[in-house]
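> Got a predicted model here, sequence first, then my questions.
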Amino acid sequence: MYRGYKMTFRTIIEPFKIHSVAPLRMTTQPEREEHIKQAGYNLFSLRSDDVLIDLLTDSGTGAMSRNQWAAIQHGDESYAGSPSWEIFKDAVQNLFPFKHIIPTHQGRAAEKILFTAICGAGKVIANNTHFDTTRANIEYTGAEAIDLVIPEGRDPASRHPFKGNMDLAALEALINERGVENIPAVMITITNNSGGGQPVSLENIRGVSAICKKYNLPFFLDACRFAENAWFIREREAGQGDRTVVDIIREVASLADGMTMSAKKDPLGNIGGWLAMNDDDLAVTCRNLLILTEGFPTYGGLAGRDLEALAVGLTEVVSHDYLKYRIESTAYLGKALVTAGIPVVQPIGGHAVYIDARALLPHIHPLQYPGQSLAVELYKVGGVRGCEIGTVMFGRKPDGSEEPATMDLVRLAIPRRTYTQSHIDYVIEVCLAVAQTAPQLHGYRITKEAAALRHFTSVFSPI
Ligand code: F0G
């Protein structure tokens, strides 16, 4: 398109140039078949050297910027009261002005501390969709984790622009049914990772906040992908298109009473997290637990240098150029799969593309894990490592029974600022090749599993 002297172009380029590189090791299909067999057909048990394109997770796997690496040199490792802590706290509060910021080594440590403080037998936490560690940390205390995403959020083909939204009527019904005294907090996960990386609208977050205020319930954000969620709000929600992402993030924070955070996602770190809240008494309890398991309250489980890198990451992730590239490059992969007729969760999420393995492999019963079957095949054929998000991850119930999960997905999570478009073009080719052989793929059975979070360590055998 020609606009006066200004040309605009369609190609979304990576808004960075490569500063330092790491090698990728090529392997052959027979080698990979042996590696995955040795790994008990569990992608988590592979050596990452044996993986070509690693889309297992977007957590802590991104590239840091030169300014982040420079900030690492500025890290001060004082045990208490380090200036690196002040820099980190200011950067967090600039976006999330909660009164108390409690650093942790990663997101699940923040969850463990929060739920230890507020949960226990008989309690219920509502969320749009709990992430696996969130659910597990709640259930570990004896409490119940209930998912209340809108019905469209459970339908991989629905095109609702905010499929991560909470079902507000269901939330209010749950509060009335269980009683406010049994609900220590309500949570919203932005973006809704287990439901396809789908965003939550500002209107919905306002709605959850209003219900929580009405019943005097604490409202917590699981905010790992807050910047991606804010970008979707800016792009898709009426009346939000002229706001800055920072402005939207601050409004989202103002609607909540606290947050848990994995800084391995949008804060662009390789490690880190935090817990935040306004409640003074809860903060005292949580800091005491922090000292027990993570460290002193001015570093949590982190080194001063990590705190500094995260502070810089928080300024970089809100860049509109970065977020435009991030969301559009993820959609580039998703759209290519859709065009080839591969069923994926739509619209395409922020940090990942989720292939609907149950739809692609209808001949494999959910209790024979179609997602696992597809993920193993992507590795065998192309060295691409994705992650099953389905019955392997969610099928085992606290009472020991097993049920099919709501969906059987394979997530191809895109590490931030790490792979180029040619890597993604290769991934597309591998997916197309595997989809062509879909009718020949077979299911798996689990021969060994852990009591909780079984997907990390299970051993499988082909059926
Ligand atoms: N909440 C959400 C929504 C997450 O996606 C994660 C991690 C956590 C909490 C826990 O954070 O890993 O720092 O302890 N998700 C990663 C993933 C592991 O692959 O989606 P953590």
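Okay, I see it. Numbers count the residues shown, from 1 in each chain.

> which ones are touching the residue in the chain that the ligand sits nearest to?
In the chain, no residue comes nearer to the ligand than residue 107, which is 2.5 Å away by C-beta to the nearest ligand atom. C-beta coordinates here come from the backbone N, C-alpha and C atoms, glycine included. Taking C-beta atoms under 8 Å, 6 or more residues apart in numbering, we find residue 107 in contact with 133, 222, 224, 260, 261, 262, 263, 264, 273.

> now residue 192
128, 129, 149, 153, 163, 164, 198, 199, 200.

> from those, which has minimum pLDDT?
By pLDDT, residue 153 ranks lowest within the contacts of residue 192, coming in at 93.

> where does the stretch 101-250 of the chain come near the ligand, residue by residue?
106, 107, 108, 131, 133, 134, 189, 193, 222, 224 (C-beta under 6 Å from any ligand atom).

> quick one: contacts of the helix or strand the fifth one falls within?
Here residue 133 is covered by helix 132-140, with elements defined by DSSP states H and E. For helix 132-140, contacts defined as C-beta under 8 Å, 6+ apart pick out 107-108, 111-112, 115, 119, 125, 127, 130, 144-145, 187, 189, 194, 222, 260, 393-394, 398, 452-453, 455.

> In it, which residues are buried?
132, 133, 134, 135, 136, 137, 138, 139 (16 or more other C-beta atoms under 10 Å).

> Sheet-wise, list the partners of the helix or strand following that helix with their directions.
Going down the chain from helix 132-140, the next helix or strand is strand 144-147, by DSSP H and E. Next to strand 144-147 in the sheet, as set by DSSP bridges, lie strand 124-127 (parallel).

> quick one: average pLDDT of the partner strand?
98.

> wait, which of the residues of the stretch 101-250 of the chain next to the ligand is closest to residue 277?
residue 222 (13.3 Å; C-beta to C-beta).

> Could you report the neighbour count for the closest one?
A count of nearby residues for residue 222, using other C-beta atoms under 10 Å, gives 27.

> Counting neighbours, what do you get for the nearest residue to it once chain neighbours are set aside?
Closest residue in space to residue 222, ignoring its immediate chain neighbours: residue 189 at 4.2 Å, by C-beta to C-beta, 6 or more residues apart in numbering. Neighbourhood size, residue 189 [other C-beta under 10 Å]: 28.

> Contacts only, for residue 189.
127, 128, 129, 130, 131, 134, 164, 200, 221, 222, 224.

> Tell me, what's the model's pLDDT at the nearest residue to residue 265 once chain neighbours are set aside?
Nearest non-adjacent residue to residue 265, counting by C-beta to C-beta, 6+ apart: residue 224, 4.1 Å away. Residue 224 carries a pLDDT value of 98.

> so residue 224 touches residue 194, yeah?
No - counting by C-beta atoms under 8 Å, residue 194 is not a contact partner of residue 224; they are 11.5 Å apart.

> Need the overlap of contacts for those two.
residue 131.

> ok, back up a step: out of the contacts of residue 192, which end up buried?
128, 129, 149, 153, 163, 164, 198, 199, 200.

> phi, psi of residue 396?
Here is the backbone geometry of residue 396 (degrees, to the nearest 10): phi -80, psi 130.

> so what's it up against?
402, 449, 454.

> try residue 114
185, 220, 258, 260, 275, 286.

> swap the cut-off to 6 Å and go again
residue 275 (C-beta atoms under 6 Å, 6 or more residues apart in numbering).

> What of residue 55?
386, 412, 413.

> Backbone dihedrals for it, please?
phi -110, psi 30.

> next one: residue 31
The phi/psi pair for residue 31 (degrees, to the nearest 10) is phi -60, psi -40.

> Relative to residue 387, how far out is it?
21 Å (C-beta to C-beta, to the nearest Å).

> Could you tell me which residues make contact with the most centrally placed residue in the chain?
The residue lying closest to the centre of the chain (C-alpha atoms, centre = their mean) is residue 193, at 4.5 Å. Residues near residue 193 by C-beta under 6 Å, 6+ apart: residue 131.
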